[in-house]
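Asker: Predicted model and sequence below, questions to follow.
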Amino acid sequence: MLIRQNILPKSIKDACVTAFVFAIIPLIYYFELFVVLPKYYKQWSPSYMFHFCTGNFILFNLCSNLMAIILCDTSIRGRVLPTDLRPDWRFCSVCGDNFPAKVLALRHLQHLMLRSVVTHERNTTSKYDRGPWENVKIVLGDKWYLVWLSPWIESRLPCDGIDWSSMVSDKVK
């Protein structure tokens, strides 16, 4: 995992939003677990402890994922992308680079991860569809069953995200 060199917000708006998020998450956490939860469950009862532990797990995941978003460098700086336009690649006029056939958009996550298709390809057979389990392993890595616990669990991906020729499904080959 590459760490960003500059993690400071770039504008006043970014700084305000970041400060708000860093303030509101613990406030809501403490309010829910120490004010609301005792109103519904007797303190230290099994139900209370279940909700308390679940709340702590959610807070840990929320904060660690937020830190991972801030610290991880997801740019392509330093990566050498090919200048020729390969099959199924597109050209981005904003950044001036070619980009591979698979680009992750949040709204496409379900179809992209399980069937390896985006919305406009949903009724066709994708050449990258390797079945639901293999697709999950391609997206989440070799430790796909552990990555939901923490973003700091290293799970190696089977490809680099640029060369998809090795990921073409046997169904289409």
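Answerer: Sure thing, it's come through.

Asker: list the contacts for the residue nearest to T83 when sequence neighbours are not counted?
Answerer: Closest residue in space to T83, ignoring its immediate chain neighbours: N98 at 7.2 Å, by C-beta to C-beta, 6 or more residues apart in numbering. Yep, even glycine has a C-beta here, placed from its N, CA and C like the rest. The contact partners of N98, by C-beta atoms under 8 Å, 6 or more residues apart in numbering, come to 81-86, 89-92.

Asker: Let me know the average pLDDT across the host helix or strand of N98.
Answerer: If you go by DSSP states H and E, N98 is part of strand 97-99. Average pLDDT, strand 97-99: 71.

Asker: Adding pLDDT, distance to T18 and neighbour count, write the contacts of N98 out as a markdown table.
Answerer: Putting the contacts of N98 into a markdown table (pLDDT from 0 to 100; distance: C-beta to C-beta, whole Å; neighbours: other C-beta atoms under 10 Å) gives the following:
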| residue | pLDDT | distance to T18 | neighbour count |
| --- | --- | --- | --- |
| L81 | 66 | 31 | 12 |
| P82 | 66 | 36 | 12 |
| T83 | 72 | 37 | 7 |
| D84 | 74 | 40 | 6 |
| L85 | 73 | 38 | 10 |
| R86 | 71 | 38 | 14 |
| W89 | 73 | 35 | 16 |
| R90 | 75 | 32 | 12 |
| F91 | 77 | 33 | 10 |
| C92 | 76 | 27 | 10 |
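
Asker: Now the two most distant members of the residues you listed.
Answerer: The most widely separated members of the contacts of N98, counting by C-beta to C-beta, are D84 and C92 (15.0 Å).

Asker: Next, count neighbours for the residue lying closest to F60 once chain neighbours are set aside.
Answerer: Once flanking residues are discounted, F60 sits nearest to S150: 7.5 Å by C-beta to C-beta, 6+ apart. Number of residues near S150 (other C-beta atoms under 10 Å) recorded here: 13.

Asker: Good, we can wrap up now.
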